[in-house]
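[1] Below are the sequence and a predicted model for it; my questions follow.
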Amino acid sequence: AQSVTQLGSHVSVSEGALVLLRCNYSSSVPPYLFWYVQYPNQGLQLLLKYTSAATLVKGINGFEAEFKKSETSFHLTKPSAHMRDAAEYFCAVSEEAGGTSYGKLTFGQGTILTVHP
Amino acid sequence: DAGVTQSPTHLIKTRGQHVTLRCSPISGHKSVSWYQQVLGQGPQFIFQYYEKEERGRGNFPDRFSARQFPNYSSELNVNALLLGDSALYLCASSPSVFSGNTIYFGEGSWLTVV
């Protein structure tokens, strides 16, 4: 069974500082990995996804993530935080189930990012 | 192009009542999924429908049911509402059931059970 662990339910950074949000996954087969962002009272917006092409994935709003199979990790980073990055971030995994394409996402618990002026 | 649309956006129901939530996928998308997001947690998978057939079901009781129509829109029904059903219900669409597809989410329906 697949699972996702996001280390740190809250992360606080200063504006202009590096953002690092951690995600580790458990999957019995090569997974597809996603990062979504959720602003208050809104749905989920895709930031980026990994689908077994390049291990370093670039997304929207300056975010990127690196797939590390040996560490079963897919951490999200951004070199310089902006106030508008304050939101909740979710890591998710999708995998083939029993040899059948499924498309179901399993989410982590989320990490709330706070950006201080 | 319109994204995933859901209705209603907010509703309040009493324990024991029934609720129907509606979703229209992105044009051309044939797969619709439903997720429940309780405050402070990540979304939990409820159902996936593709070409009007149920393709997956999460760990939810039989009080939860869904269907997909010929135009690929979908309804989620919840019977005998409990206080614990209070949550944001998210509908998502994708072109197919391929696991690498991008899944697009709607803004959600906020359900409060009192």
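    Received the coordinates, thanks. Numbering: from 1, shown residues only, chains lettered A, B, ... in the order given.

[2] OK, contacts around residue B:36?
    Residues in contact with residue B:36 (C-beta atoms under 8 Å, 6 or more residues apart in numbering or on different chains) are B:43, B:44, B:46, B:60, B:87, B:88, B:89, B:90. Using the backbone N, CA and C atoms, a C-beta is placed for each residue, glycine as well.

[3] what about it, is that helix, strand or coil?
    What DSSP: H, G, I helix; E, B strand; the rest coil gives for residue B:36 is strand.

[4] Can you name the residues bridging to it?
    residue B:44, residue B:89 (DSSP bridges).

[5] quick revisit: which of the contacts of residue B:36 ranks first by neighbour count?
    Within those, neighbour counts (other C-beta atoms under 10 Å in any protein chain shown) peak at residue B:43, which reaches 28 neighbours.

[6] Can you tell me, leaving aside adjacent residues, what's nearest to that residue?
    residue B:35 (3.8 Å; C-beta to C-beta, 6 or more residues apart in numbering or on different chains).

[7] Cross-check the contact I'm expecting between the one you found and residue B:90.
    Yes: contact criterion C-beta atoms under 8 Å: residue B:35 and residue B:90 qualify, at 4.4 Å.

[8] Mutual contacts of those two, please.
    B:43, B:105.

[9] hmm, back to that, could you pull up the residues touching the residue nearest to residue B:43?
    Contacts of residue B:35 (C-beta under 8 Å, 6+ apart): A:105, B:43, B:44, B:45, B:46, B:89, B:90, B:91, B:92, B:105.

[10] Looking at chain B, what residue ends up closest to chain A?
    When scored by C-beta to the nearest C-beta, chain B has residue B:42 as its residue closest to chain A, at 3.4 Å.

[11] Which secondary structure element of chain B has the lowest mean pLDDT?
    Ranked by mean pLDDT, DSSP states H and E, the weakest helix or strand in chain B is strand B:53-57, scoring a mean of 89.

[12] With only the CA atoms kept, save that one in CSV.
    What follows is strand B:53-57, C-alpha atoms only, in CSV (Å, rounded to 0.1, in the frame of the first residue of the first chain):
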residue,chain,number,x,y,z
GLU,B,53,-18.4,2.9,-14.1
GLU,B,54,-17.0,2.9,-10.5
ARG,B,55,-13.3,2.2,-10.8
GLY,B,56,-12.2,2.7,-7.2
ARG,B,57,-13.7,3.1,-3.8
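
[13] and that strand, what does it pack onto?
    strand B:44-50 (3 or more C-beta pairs under 8 Å, 6 or more residues apart in numbering or on different chains; DSSP states H and E).

[14] between the strand it packs on and strand B:53-57, what angle do the directions make?
    For strand B:44-50 against strand B:53-57, the angle by axes from the mean of the first three to the mean of the last three C-alpha atoms, to 10 degrees is 160 degrees.
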